[in-house]
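In: Structure of the sequence below:
(one chain, ligands or ions: 1)
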Amino acid sequence: MTTVLLITLGGTISSSADSGTPGVIPRSGAEELAAQLVPWLPDVRVVPRELRLLPSPSLTFADLFALLHEIDTARDVDGVVVSQGTDTLEETAFLLDVLGAGARRPVVVTGAMRDQDTPGADGAANLIAAVKVASSPVASGVLAVFADSVFAGRTVRKHSAVHADAFTASPWGALGMVREGSVHLPLSAAGGPTLPVPALADPPAVALISTGVDDDLRLLPGLAALGYSGAVLEGMGGGHVATTAIDAVSRCTLPIVLCSRAGAGPTLRHTYGYPGGEIDLLGRGLIWGGHLTGVKARLLLVLCLMQGWSGDELRQRFEQVAGA
Ligand code: ASP
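Out: Next up is the predicted model:
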């Protein structure tokens, strides 16, 4: 018999209608979710732990660090499943992975796209698959399981706001699948460089800004006065801005990470030489966003700033993780 700790945070997987509010809201805690699993997992003891009951856009860094603490201090469990809202599932998975939460046992993040009142609700199926992966001897590291696909925590991302198979790891792909109740993982989550867990401190504010045609990015230089400590800029294509934005980018005194708004594929480094191209912007001191989407780069920049890194050290440490 294996033991899996099920930590619940809320989200659609916990949601159903409440007569007092419009729409659905998170209402079912860990005990109720775990109870659904019993008939399907006779060989696994699932230990429920309700940490939060929130829609995932309301989760904070403090919640995520509390989650990390729960995982790190769990005793006598073979694996951990985290269930939460899908809106920020990729952020949880990335943060746990970068902070090494899967070093001792597999940690699997999952959720649902259809709430408990919707026909074809996918919560139970995703949870069952996630527990199977978390208790599997072939699983390791931080993973995400959704619609029977297994993804690396570092690369998973939500690519649909509505579909039941809302997750992808494009351009890398999935690591494996759960098929007919058994786990198939031909690829392993090798992870990548990790960061030390930051000492608890208020996380610095990092802005995430996307840009488009004819945008002069005039808001950038004002970010420092608003109390931001850094920014992530999602450039067009390989990481490009309009010529008219170069002045604002140069006047911004904060560390800026350059990503691509395309969603899949790295920020370029050595291809385009025109003003506002990635060579120009990186030459002006922007930090290379590597393979990270803007959402993940924002998390990584927060974690790096929490270490107290700045200047060349910040660039070097950030790029080492982002480019791996
Ligand atoms: N739409 C979300 C979900 O799938 C809601 C949330 O992220 O909490 O769970």
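In: show me the contacts for whichever residue of the stretch 101-250 of the chain sits closest to the ligand.
Out: With CB to the nearest ligand atom, the shortest gap between the stretch 101-250 of the chain and the ligand falls at residue 111, namely 5.1 Å. The way it works is simple: take the backbone N, C-alpha and C, and place the C-beta from them, glycine included. Contacts for residue 111 (CB atoms under 8 Å, 6 or more residues apart in numbering) come out as 11, 12, 13, 56, 83, 84, 85, 86, 89, 123, 126, 146.
In: 10 Å - rerun?
Out: 9-14, 56, 82-89, 92, 122-123, 126-127, 130, 144-146, 158, 166-167 (CB atoms under 10 Å, 6 or more residues apart in numbering).
In: So which of those residues sit within helices?
Out: Judged by DSSP state H, helices contain the following of the contacts of residue 111: 89, 92, 123, 126, 127, 130.
In: Could you dump the residues you listed into a markdown table with distance to the ligand and neighbour count added?
Out: Output for the ones in helices among the contacts of residue 111, formatted as a markdown table (distance: CB to the nearest ligand atom, whole Å; neighbours: other CB atoms under 10 Å):
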| residue | distance to the ligand | neighbour count |
| --- | --- | --- |
| 89 | 7 | 26 |
| 92 | 10 | 28 |
| 123 | 9 | 24 |
| 126 | 11 | 26 |
| 127 | 13 | 27 |
| 130 | 14 | 29 |
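In: Quickly check those residues for the two that are furthest apart.
Out: By the measure CB to CB, 92 and 123 form the most distant pair in the ones in helices among the contacts of residue 111, at 16.6 Å.
In: ok so, going back, residues in contact with the closest residue to the residue of the stretch 101-250 of the chain closest to the ligand other than its chain neighbours?
Out: Once flanking residues are discounted, residue 111 sits nearest to residue 86: 4.3 Å by CB to CB, 6 or more residues apart in numbering. Taking CB under 10 Å, 6+ apart, we find residue 86 in contact with 11-13, 56, 109-113, 126, 144, 146, 158, 160-161, 166-167.
In: repeat for residue 116
Out: Contacts of residue 116 (CB under 10 Å, 6+ apart): 12-17, 24, 27-28, 32-33, 36, 123-124.
In: neighbours around the residue of the chain found nearest the ligand, how many?
Out: The ligand sits closest to residue 85 of the chain, with a gap of 2.0 Å, by CB to the nearest ligand atom. When neighbours are counted by other CB atoms under 10 Å, residue 85 registers 23.
In: ok, it touching residue 59?
Out: Yes: counting by CB atoms under 10 Å, residue 59 is a contact partner of residue 85 at 7.8 Å.
In: Between these two, which contacts overlap?
Out: 9, 10, 11, 92.
In: Quick one: name whatever helix or strand follows the longest strand seen in the chain.
Out: Looking across the chain with DSSP state E, the single longest strand is strand 44-54. With elements assigned by DSSP states H and E, the helix or strand that comes after strand 44-54 is helix 61-73.
In: could you give the angle of that next one to strand 44-54?
Out: 160 degrees (axes from the mean of the first three to the mean of the last three CA atoms, to 10 degrees).
In: now helix 61-73: how far from the chain's centre is it?
Out: Averaging C-alpha positions (CA atoms, centre = their mean, to the nearest Å) puts helix 61-73 14 Å from its chain's average.
In: which helices and strands sit right next to it?
Out: strand 2-10, strand 44-54, strand 79-83, helix 89-98, strand 107-110, helix 294-306 (3 or more CB pairs under 10 Å, 6 or more residues apart in numbering; DSSP states H and E).
In: most packed of these?
Out: strand 107-110 (a mean of 32; mean count of other CB atoms under 10 Å).
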